[in-house]
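S.K.: One predicted model, sequence on top.
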Amino acid sequence: MLRDPVTGDIPWPGLIFGLSVLALWCWCTDQVIVQRSLSAKNLSHAKGGSVLGGYLKIFPMFFIVMPGMISRALFPDDVGCVDPAICEKVCGAKVGCSNIAYPKLVMELMPVGLRGLMIAVIMAALMSSLTSIFNSSSTLFAIDIWQRLRKKATEQELMIVGRFFFFLIPLVSDLVVLVK
């Protein structure tokens, strides 16, 4: 049941200690969801919205799992490789080629025009998610940190600080990536 913690295909320490933290963040403390719950007009709407959001989070599992299963069935030699030498030749990883399942489906089955549309959809979703995260982070900084540093900060000052922090976050992220 428990495989080798380092060389196993699913290292169980990462499953227990890593995914539990990730699941706690995703399901309980995601600032985007918390912000939407706090903006509800009353407590029953906030509770109902949270429950509806929980049910809606089940649907992406089908959109994540089903393409992988379909890709593994359609391309068993590429996506479903078992031998580490073959996997490394196909996708550059010895542990498996599940990371190429969705791109393989898009590139092999979709016509050229729909491929471009798919790229546009993925980029729009990425931009929307990043904007929500940056907006939440700038709000948290302006309200929770800046307002404690400057007790008499006006709303205009908080908005300027929030906007500055909104533009500072991607710059700091890019610097962190470049340093690594």
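M.R.: Nice, thanks for sending it over.
S.K.: Stretch 95-107 spans what distance, first to last residue?
M.R.: 23 Å (C-alpha to C-alpha, to the nearest Å).
S.K.: can you pull the contacts of S138?
M.R.: 162-163, 165-166, 169 (C-beta atoms under 8 Å, 6 or more residues apart in numbering). For the C-beta atoms, the positions are set from N, CA and C on the backbone; glycine is no exception.
S.K.: what does G49 give?
M.R.: G49 neighbours (C-beta under 8 Å, 6+ apart): 36-37, 40.
S.K.: Quick check: buried residues in the helix or strand where it lies?
M.R.: Using DSSP states H and E, G49 maps to helix 43-56. Buried residues in helix 43-56, counted by 16 or more other C-beta atoms under 10 Å: A46.
S.K.: What of stretch 76-91?
M.R.: 78-81, 87, 90-91.
S.K.: Could you measure from C81 over to L105?
M.R.: 16 Å (C-beta to C-beta, to the nearest Å).
S.K.: of all the buried residues of stretch 76-91, which comes closest to P60?
M.R.: V79 (20.1 Å; C-beta to C-beta).
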